[in-house]
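J.: output the structure for:
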Amino acid sequence: MDVSDLFAAGLIEKDINSDVIWVWSYPTIEDEVREVIMRKCCLSSNDRESADSLALIPFTFGHFGRTWYYVHSRATESEEVLQKVTHVALVLLAKDFNPEKYETLSGILLHNYMTTGNASRVAEGFLSVFTRGVCPDPNGEQFQVKAFDIRKAYIASSIKDVINVFGVETILIYTALLLKKRIVVFHPDLVPLLRIVRALPVLVWQRQNWNIVYPHVEINDVEVADLKLAAPYVAGFTDPAIESHTELYDVFVNVPGNSISVAPHAKESFGMGKIHKEIAMQMVQAAGDDATTEQSLIKELAVKTREIINNLKSFADGTPPRITLELLRTRKMTPAMENFLFNLASAEGLVQL
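T.: Predicted coordinates for the structure are as follows:
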């Protein structure tokens with residue numbers, strides 16, 4: 001794992017007047033990125049009751065401008081060290097998705113700052129990790145980048161839990177991911193939203209691409225414009241108004257409503273056939289079986305998906321291999337299966353554009 005995946009750090013403080021200020025960055029963080037993070041840092045609400053509840057979320061993360069940001073927030077404990085400061089948030093920017101790694105590291109750097117009030121202690125730890133992949137922790141041990149396997153980050157959130165919530169409708173999420181469609185997930189509470197959104201790419205494990213995940217997006221011009229550039233994506237929203245923005249999604253996942261719906265403009269791509277029913281039942285049975293582990297469920301689904309893609313590739317002809325709708329029609333499939341496989345071929349780069 002490349003230690004240079006970490007590339008910037010920052011500090012945000014909230015004072016006794018409830019003013020929230022970005023007080024330090026190293027080396028630099030662009031203004032637009034800072035503005036987005038200021039809205040996410042759980043310290044910025046002007047409403048006191050809301051601010052107190054948000055501050056209870058000690059760690060959050062997100063994706064903006066092809067950058068992953070990780071924010072660790074705490075209430076101050078010593079008036080002597082940070083006078084007139086009530087809360088501090090430590091921000092890390094990185095190229096990679098690994099919440100557990102950056103939660104640990106940001107906790108160490110935040111401790112160093114809050115016990116000294118000196119931002120240079122944050123810079124020292126940052127540079128140590130950036131250059132050597134290690135830094136000491138408050139317990140006298142050592143944080144090591146290499147200790148955080150990216151594959152563990154991929155499966156840290158349970159896909160079985162997701163399948164048990166949505167049942168056979170989970171096939172719509174699977175199909176959307178396989179066909180590289182846009183998925184929006186709604187949950188009014190940030191913590192479960194983060195947990196669910198990060199789990200979904202597991203359904204297409206063979207791609208191992210978590211850069212499609214945008215865990216917490218707000219409905220504003222800047223973040224929506226950035227999201228549109230990222231398509232396809234899996235994007236999380238806490239604002240229920242997102243459901244009316246059908247131009248932003250092909251599949252809408254309403255977590256509290258336990259429902260999944262397909263946007264009208266995308267219905268043609270989601271015709272279900274025998275293969276979809278088989279995969280849906282396979283997922284539901286595995287998720288409901290206590291003897292089936294997360295890893296075995298993921299492996300079974302990956303094997304089935306690989307089989308579908310390999311069979312599709314076997315249909316291709318020409319150099320380089322290409323698939324056309326006419327070629328699929330010679331296979332005498334149902335219209336739903338033809339359409340699904342043609343869309344899959346397009347997603348896999350097998351269709352000549």
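J.: in the stretch 1-150 of the chain, which ranges drop under the pLDDT threshold?
T.: Residues of the stretch 1-150 of the chain meeting the criterion pLDDT under 70: 1-4, 44-56, 79.
J.: now do the contacts for the residue nearest the centre of the chain.
T.: For the chain, the residue sitting closest to the mean C-alpha position, by C-alpha atoms, centre = their mean, is V213 at 3.4 Å. V213 is in contact with 63, 97, 197-198, 200-201, 233-235, counting by C-beta atoms under 8 Å, 6 or more residues apart in numbering. To be clear about C-beta, it is placed using only N, CA and C from the backbone, and glycine gets the same treatment.
J.: now the phi/psi pair for it, please.
T.: Main-chain dihedrals, V213, degrees, to the nearest 10: phi -90, psi 130.
J.: repeat that for T175.
T.: Dihedral angles for T175 - degrees, to the nearest 10 - are phi -60, psi -40.
J.: contact partners of stretch 111-130?
T.: Contacts to stretch 111-130, defined as C-beta under 8 Å, 6+ apart, come from residues 3-4, 6-7, 9, 11, 23-24, 26, 74, 76-78, 81-82, 88, 90, 105, 108-109, 134-136, 138, 143, 145.
J.: one more: stretch 12-24?
T.: Residues outside stretch 12-24 that contact it (C-beta under 8 Å, 6+ apart) are 10-11, 34, 37-38, 41, 43-44, 46, 48, 51, 82, 84-89, 91, 119, 122.
J.: compute the first-to-last residue distance for that stretch.
T.: 7 Å (C-alpha to C-alpha, to the nearest Å).
J.: what's the answer for stretch 238-245, then?
T.: Terminal residues of stretch 238-245 lie 14 Å apart, using C-alpha to C-alpha.
J.: quick revisit: can you select the buried ones from the contacts of stretch 12-24 in PyMOL?
T.: Buried residues among those (16 or more other C-beta atoms under 10 Å), as a PyMOL selection:
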select buried, resi 10+11+34+37+38+41+43+44+51+82+85+86+87+88+89+91+119+122
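J.: in strands, which of the contacts of stretch 12-24 fall?
T.: 10-11, 85-89, 91 (DSSP state E).
J.: now, which of the residues you listed sits nearest F342?
T.: Set against F342, the nearest of the ones in strands among the contacts of stretch 12-24 by C-beta to C-beta is V91 (44.1 Å).
J.: how close does the closest residue to that closest one other than its chain neighbours sit to P256?
T.: Excluding the flanking residues, the one nearest V91 by C-beta to C-beta, 6 or more residues apart in numbering is G10, at 4.0 Å. Distance, G10 to P256, by C-beta to C-beta, to the nearest Å: 33 Å.
J.: if we can go back for a sec, which of the contacts of stretch 111-130 count as buried?
T.: Neighbour-count burial within the contacts of stretch 111-130 applies to 6, 9, 11, 24, 26, 74, 76, 82, 88, 90, 105, 108-109, 134-135, 143, 145; the criterion is 16+ other C-beta under 10 Å.
J.: for the protein, just list every one of the helices.
T.: 31-40, 48-54, 99-116, 119-132, 150-154, 159-166, 170-178, 190-199, 221-230, 274-287, 294-315, 325-329, 335-347 (DSSP state H).
J.: for E169, which non-adjacent residue is spatially closest?
T.: Per C-beta to C-beta, 6+ apart, closest to E169 is I260, 4.5 Å.
J.: that should have said E30, apologies.
T.: G65 (7.7 Å).
J.: go ahead and confirm that neighbour touches D31.
T.: No: the criterion here is C-beta atoms under 8 Å, and G65 misses it with D31 at 11.5 Å.
J.: please list all residues in contact with the residue nearest to E169.
T.: 166, 169-170, 172-173, 251-254.
J.: if you rank those residues by neighbours, which is first?
T.: V253 (28 neighbours; other C-beta atoms under 10 Å).
J.: that one reaches V185, doesn't it?
T.: Yes: the criterion here is C-beta under 8 Å, and V253 meets it with V185 at 4.4 Å.
J.: pull up the overlap in contacts between these two.
T.: With C-beta under 8 Å, 6+ apart as the test, V253 and V185 both reach I196.
J.: now H265, nearest residue through space, not along the chain?
T.: T246 is the one closest to H265 (C-beta to C-beta, 6+ apart), at 7.2 Å.
J.: please apply the same query to N211.
T.: Of all residues not flanking N211 in the chain, F97 sits nearest, at 6.9 Å (C-beta to C-beta, 6+ apart).
J.: what's the spacing between the residue nearest to H265 and F186?
T.: Taken as C-beta to C-beta, the span from T246 to F186 is 13 Å.
J.: thank you, goodbye.
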